[in-house]
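Asker: Okay, sequence plus prediction incoming.
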Amino acid sequence: MGVGVVGFLICFLSFRLIIIPADATRLLPSYLSFSSANPTFRIAVFADLHYGENAWTDWGPLQDQNSDRVISSVLNMENPDFVVYLGDVITANNLAMPNASNYWEMAISPTRNKNIPWASLFGNHDDMAFEWPEEWFGSLGVPSVQCSSSQSATGCEQESDCYFQGTTRAELIEMDVQHSLSHSSYGPKSLWPSVSNYVLEINSYMHPELPAAFLYFLDSGGGSYPEVISATQARWFQQTSAQRNPGARIPEIVFWHIPSQAYGKIAPSPGSPIKQPCVGSINLETVAPQEAEYGIMDMLTNRTSVKAVIVGHNHGLDWCCPYKSLWLCFARHTGYGGYGSWPRGARILELVEEPFAVNSWIRMEDGTTHSEITLASKV
């Protein structure tokens, strides 16, 4: 596959080459499909795992082990057909190393080891710049860090000259897509600096040549650039959905990380009970939305085939609420990294082919389920 040089970023007086494939697609390892053995297609959504947080302490690696346990527990109990990594897979601003891909590999390992396909998108922490801990400049000093003394990501030759620039979105997705089970994609280079913008189809079992549902993935920014879904991304969705699904006849579900401002308009008052028609179990903080909206919500609500948007970012929210013609849902904080001490879990989506329906619930680490809801049904 050919590659094209998008440009150079200047960081700490050094240059870094960003490489993104010239085309928007790649050959996928296999297609997604409903099967004869199971008339449903089940998706586990892992949100805000935050691997690598406080990696230089005893606490940090322990949280990663706890996150491994949550993922494995959900996979064992739900046996999903597919997994979505919904952003903030890693906490790059805590990773004292030039290459964060080892922690990304750690996050996808439980899914890969069970031979379950997955797709990833980016959150605001995945390529955030390293934040120097204030305590490093106290009496204890800077701990031992992982940085090659011969050649770092910055091109510096001395360890003392190494700056922790982190790993870019393009580099992380390039690593992800090397796996045979990955259905992640770079997205069109015209949408750069956003990267994880792509669409997957789930094929019908009864009519294998036809799609039964579309899954859209959008990069909502943050970290290395503003927290927004751009007007260019919105137009890409509009054009792609019209081309792939003319007449909006086939159901579509959309995933991104940071909630749009529309979430704040329908949110229950923080700390108040979640009442019908909303469904959920925790409502303990204010929605932290994108910085601006540039048309994506108008395009989604004007398209009858879009059934739900699934986001993460707010660890203390897991509700779904109706918004015009669709549902706006939070996932569930899955990882032990990140803020909040609420019990961990994952949102599950179950698509039924005939008659078509999208059912959802939260599966907790302890095995319990709650917040069952039907997000779409064909009467």
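Answerer: That came through, no problem.
Asker: now the residue of the chain positioned farthest from its centre: how far from residue 55?
Answerer: Within the chain, residue 139 marks the point farthest from the mean C-alpha position, 38.5 Å out by Cα atoms, centre = their mean. Per Cβ to Cβ, to the nearest Å, residue 139 is found 21 Å from residue 55. Every C-beta, even on glycine, is put in place using the N, C-alpha and C of the backbone.
Asker: try residue 103
Answerer: 8 Å.
Asker: and if you look at residue 77?
Answerer: On the measure of Cβ to Cβ, residue 77 and residue 55 end up 29 Å apart.
Asker: Then residue 354?
Answerer: In terms of Cβ to Cβ, residue 354 sits 47 Å off from residue 55.
Asker: which residues in the protein form helices?
Answerer: Using DSSP state H, the helices found in the chain span residues 59-78, 101-113, 169-176, 231-244, 261-266, 296-301.
Asker: Take these and write them to a markdown table, including distance to residue 337, mean pLDDT and mean neighbour count.
Answerer: Output for those, formatted as a markdown table (distance: least, Cβ to Cβ, whole Å; pLDDT from 0 to 100; neighbours: other Cβ atoms under 10 Å):
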| stretch | distance to residue 337 | mean pLDDT | mean neighbour count |
| --- | --- | --- | --- |
| helix 59-78 | 5 | 97 | 18 |
| helix 101-113 | 10 | 95 | 19 |
| helix 169-176 | 16 | 94 | 22 |
| helix 231-244 | 27 | 97 | 17 |
| helix 261-266 | 23 | 98 | 17 |
| helix 296-301 | 28 | 98 | 19 |
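Asker: Throw those into TSV and include distance to residue 211, thanks.
Answerer: Converted to TSV, these look like this (distance: least, Cβ to Cβ, whole Å):
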stretch	distance to residue 211
helix 59-78	24
helix 101-113	23
helix 169-176	23
helix 231-244	8
helix 261-266	27
helix 296-301	19
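Asker: Identify the residues contacting the residue nearest the centre of the chain.
Answerer: Central residue of the chain (Cα atoms, centre = their mean): residue 86, 2.0 Å from the mean position. By Cβ atoms under 8 Å, 6 or more residues apart in numbering, the contact list for residue 86 reads 45-48, 121, 123, 255, 257, 310-312, 331.
Asker: low pLDDT regions in the stretch 151-300 of the chain?
Answerer: Along the stretch 151-300 of the chain, the model assigns pLDDT under 70 to residues 151-165.
Asker: Please repeat the previous calculation with a cut-off of 90.
Answerer: Low-confidence segments of the stretch 151-300 of the chain, defined by pLDDT under 90: 151-167, 206-209.
Asker: ok, which stretches of it are strands?
Answerer: Under the criterion DSSP state E, counting those that start in this stretch, the stretch 151-300 of the chain contains strands at 198-203, 211-217, 252-255.
Asker: can you list the ones you listed in a markdown table and add mean neighbour count and distance to residue 59?
Answerer: What follows is the strands of the stretch 151-300 of the chain, written out as a markdown table (neighbours: other Cβ atoms under 10 Å; distance: least, Cβ to Cβ, whole Å):
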| stretch | mean neighbour count | distance to residue 59 |
| --- | --- | --- |
| strand 198-203 | 21 | 35 |
| strand 211-217 | 23 | 32 |
| strand 252-255 | 24 | 30 |
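Asker: Put together JSON lines for the ones you listed, with distance to residue 378 on each row.
Answerer: Converted to JSON lines, the strands of the stretch 151-300 of the chain look like this (distance: least, Cβ to Cβ, whole Å):
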{"stretch": "strand 198-203", "distance to residue 378": "15"}
{"stretch": "strand 211-217", "distance to residue 378": "11"}
{"stretch": "strand 252-255", "distance to residue 378": "14"}
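Asker: Tell me which of those strands lies nearest to residue 364.
Answerer: Residue 364 lies closest to strand 252-255 among these, at 21.0 Å (Cβ to Cβ).
Asker: hmm, who's touching that closest one?
Answerer: Residues contacting strand 252-255 (Cβ under 8 Å, 6+ apart): 45, 84, 86, 121, 213-218, 241, 245, 300, 303, 305-311, 349, 358.
Asker: In terms of pLDDT, where does the closest residue in space to residue 330 that isn't next to it in sequence sit?
Answerer: Spatial nearest neighbour of residue 330, chain neighbours left out: residue 317 (4.5 Å); criterion: Cβ to Cβ, 6 or more residues apart in numbering. Looking at residue 317, its pLDDT reads 98.
Asker: show me the contacts for residue 317.
Answerer: Contacts for residue 317 (Cβ under 8 Å, 6+ apart) come out as 267, 280, 282-285, 287, 330.
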